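[1] Predicted model, plus sequence, below.
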Amino acid sequence: MSQLRLLLIALCILVPAWMGNHFVVHHEAKPGDPFMPLFMHLMAAPLVSNPETAHAEGPKYLFELDVPGPAAFDADPLKAGTQLVATNLQLFQIAAVLLLFVCFSGVPGHLHNGKGDYVSRLFAGFALWLRDDVVYPAMGKEVGRKFLPYFLALFFFIVFMNLLGLVPGASTATASVFVTAGLALVTLILMVFGGMIAQGPAHYWKTLVPHVPVLIWPIMFAVEFVGIFVKPFALMIRLFANMTGGHMVVLSFMGLIFLLAGMAGHSAAYIASPVLVGFAVFIMIIEAFVALLQAYVFTMLSVMFIQASIHPEH
Amino acid sequence: MILEPTNAIGIAKLGAGLGAGLATIGAGMGIGRIGGSSAEGIARQPEAAGEIRGASIIFAALIEGVALFAIVISLLIIVLEGK
C-alpha cells in the first residue's frame, strides 16, 4: 500500500511535468535579449498536439471547448467566438487535486485506528495542525467544524500547486493571477454569503459598520463596502506576486549567465555560472519555504476574514 | 523634452525602478519593526513564543501584501510601457 501510494505520488508529479514540456510550443531564443524567452515560462501556455509545427501551420489544441455566446475570451485565434483552451496550468491543477486524493486516502484510517504508512501519518499530522492551531483557535469548535473541510482543501490545494511549481519542467499554477483570483473569489463568496446566512441579510449589512455618529456613517459604509472586495483582492495579489516573484528571480539569475556570455564571452559565463546557479539554488530553497508559508498565510487570512464577517465585533 | 515618446519610456522605467525601491523601503521598515518587537516579546515571555510567531507572520504578510501591490504596479509600468 505504501509503495503504491508513493508510486502514484511520483506519477502525479512526473506525468504533468512531462506533458507540460511536451505539448507546449517553446519560444525561440533571441540573441541579445536572454531574459524575455525565460520570463515567458511564467505565462500560461496552451497545450497543443503539434508543438514542432505550430509556428508554421497554426496550433492544434489538445483540449478545446466552444462556449456559446459573445466573444469574451477568444483563446483560439483561428475561430470566432469564445473558446476555452486547456493550458499547462490546468495540468498542474488537476495533478494537485489528484495528489489530494492520493495523499489523504489513508488519513481517515490512520485517525481511526492509528495504523498507516508514513504518507498518511505526515498528512494526518498536517491536517490536525491546521485544525487545532489555525481553524479552531480563530473560529471556535462549532463554526470551525463546518468550515474545516473547505480550509483543509484550500490549504493543501495551494501547497501542492506551489510545490509542484518547484519541480524542474513544471509550471506553477498559483503564479497565474486567474488561478489565485478563483481561489480568492471562493473566499469572497464565503465572506459575503456566509455572513448573510449566519446573521441574516439585513443584520449583516447593518453591522458592517460599527457604532459611529450618524454623520460619518455613509463614509464608513463606503469604506467597509470597498474593504469587502479589497481583502480577497489582496489575497489574490499576495499569492500571485510571491510565486511569480520567486520564479522571476531564479530565471533572472539564469538569464544573467546568457547575458554575460553575449557581453563578455563564453569563458566569462562559464566562470560566473557556478556562482549564479548557486544564487538560484539559494532562492529555490527560500521558495520552498515561501510555498508553504504563502499557503498558510492564504488559509489563515481566509479564516480571519470569514470569521470576522460571520461574527462581527461590536 | 520630457514628453517626447522615447524619453517617456525611459522615465516610465525610472518610475518603475523607483517604485520598487520605495516599496521595499516601506516594507523593510514595517517588517523590521515586527521582527524586532516579536523577538523582544519572545525574549520577555518565552512561553508565548508560538503565539507571537504566528501573529507576527500574519502581520508581516499583511505588510508584504501592500508592498506587493506596489511591485505589481511597477511591473505593469514595465509591461505596458509605450502602449
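    Thanks, I have the structure now. It should be emphasised that the depicted structure is a prediction, and the values quoted were computed from it without experimental measurement. Numbers count the residues shown, from 1 in each chain, chains lettered A, B, ... in the order given.

[2] Pull the contacting residues for the residue positioned nearest the centre of chain B.
    Within chain B, one residue has its C-alpha closest to the average C-alpha position: by Cα atoms, centre = their mean, that is B:Ala67, at 2.8 Å. Taking Cβ atoms under 8 Å, 6 or more residues apart in numbering or on different chains as the contact definition, B:Ala67 lies against B:23-24, B:26-27. Quick note: C-beta positions are derived from backbone N, CA and C, even for glycine.

[3] A:Leu111: which of these is nearest?
    Checking the contacts of B:Ala67 against A:Leu111 by Cβ to Cβ gives B:Ala27 as the nearest, at 40.5 Å.

[4] Give me the neighbour count for that closest one.
    Around B:Ala27 sit 19 other residues, with neighbours defined as other Cβ atoms under 10 Å in any protein chain shown.

[5] Okay, helices next: where are they in the chain?
    Let's take chain A. Residue ranges of the helices in chain A, as given by DSSP state H, are A:2-22, A:35-39, A:54-57, A:88-104, A:107-113, A:118-129, A:136-139, A:141-164, A:177-199, A:201-206, A:217-264, A:266-310.

[6] Chain B was what I was after
    Here chain B has its helices, by DSSP H, at B:5-44, B:49-79.

[7] The last one: how far from the chain's middle?
    Spelled out, it's helix B:49-79. In terms of Cα atoms, centre = their mean, to the nearest Å, the centre of helix B:49-79 is set 6 Å apart from its chain centre.

[8] just the angle between that helix and helix B:5-44, please?
    If you take axes from the mean of the first three to the mean of the last three Cα atoms, to 10 degrees, helix B:49-79 sits at 180 degrees to helix B:5-44.

[9] Go through helix B:49-79 and flag the buried ones.
    Counting neighbours by 16 or more other Cβ atoms under 10 Å in any protein chain shown, one finds that the buried residues in helix B:49-79 are B:52, B:56-57, B:60-61, B:63-65, B:67-72, B:74-75, B:77.

[10] Low-confidence ranges, chain B, go.
    Residues of chain B meeting the criterion pLDDT under 70: B:1-6, B:82-83.

[11] Spell out which parts of it neighbour chain A.
    B:54, B:57-58, B:61-62, B:64-65, B:68-69, B:71-72 (Cβ under 8 Å from any Cβ of the partner chain).

[12] measure A:Leu251 to chain B for me?
    Between A:Leu251 and chain B the distance, using Cβ to the nearest Cβ, to the nearest Å, works out to 14 Å.

[13] again, but for A:Glu64
    The span separating A:Glu64 from chain B equals 27 Å under the rule Cβ to the nearest Cβ.

[14] buried ones in the lowest-mean-pLDDT helix or strand in chain A?
    The element with the least model confidence among the helices and strands of chain A, by mean pLDDT, DSSP states H and E, is helix A:54-57, at a mean of 72. Judged by neighbour count (16+ other Cβ under 10 Å), helix A:54-57 contains these buried residues: A:Ala54.

[15] who touches it?
    A:25, A:48, A:50, A:60.

[16] send the alpha carbons of that helix over as PDB?
    Provided in PDB are the C-alpha atoms of helix A:54-57 (Å, rounded to 0.1, in the frame of the first residue of the first chain):
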ATOM      1  CA  ALA A  54       2.700  25.100 -34.600                       C
ATOM      2  CA  HIS A  55       4.600  28.200 -35.700                       C
ATOM      3  CA  ALA A  56       4.100  27.300 -39.400                       C
ATOM      4  CA  GLU A  57       0.700  25.800 -39.700                       C
END
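
[17] any idea how far that helix is from the chain center?
    31 Å.

[18] hang on, the earlier thing: in ChimeraX, select just the buried ones from the contacts of B:Ala67.
    Buried residues within these, as defined by 16+ other Cβ under 10 Å, are selected in ChimeraX through the command that follows:
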select /B:23,27
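
[19] Next, name the residue at the spatial heart of chain A.
    For chain A, the residue whose C-alpha lies nearest the mean C-alpha position (Cα atoms, centre = their mean) is A:Thr174; its distance is 2.5 Å.

[20] gap between that one and A:Tyr150?
    For A:Thr174, the distance to A:Tyr150 (Cβ to Cβ, to the nearest Å) stands at 17 Å.

[21] Not counting sequence-adjacent ones, nearest residue to A:Phe157?
    For A:Phe157, ignoring the flanking residues on the chain, the nearest one in space by Cβ to Cβ, 6 or more residues apart in numbering or on different chains is A:Ala96 at 5.5 Å.

[22] Identify the residues contacting that neighbour.
    The contact partners of A:Ala96, by Cβ under 8 Å, 6+ apart, come to A:157, A:160-161, A:164, A:173.

[23] Export stretch A:259-269 to PDB, keeping only CA atoms.
    Taking only C-alpha atoms (Å, rounded to 0.1, in the frame of the first residue of the first chain), the coordinates of stretch A:259-269 have been written out as PDB:
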ATOM      1  CA  LEU A 259      23.700  38.000 -20.900                       C
ATOM      2  CA  LEU A 260      27.300  37.600 -19.700                       C
ATOM      3  CA  ALA A 261      28.000  35.100 -22.500                       C
ATOM      4  CA  GLY A 262      26.800  37.700 -25.000                       C
ATOM      5  CA  MET A 263      28.700  40.600 -23.400                       C
ATOM      6  CA  ALA A 264      32.000  39.200 -22.100                       C
ATOM      7  CA  GLY A 265      32.400  36.000 -24.000                       C
ATOM      8  CA  HIS A 266      31.700  32.300 -23.200                       C
ATOM      9  CA  SER A 267      34.600  31.800 -20.800                       C
ATOM     10  CA  ALA A 268      33.400  34.600 -18.500                       C
ATOM     11  CA  ALA A 269      30.000  33.000 -18.500                       C
END
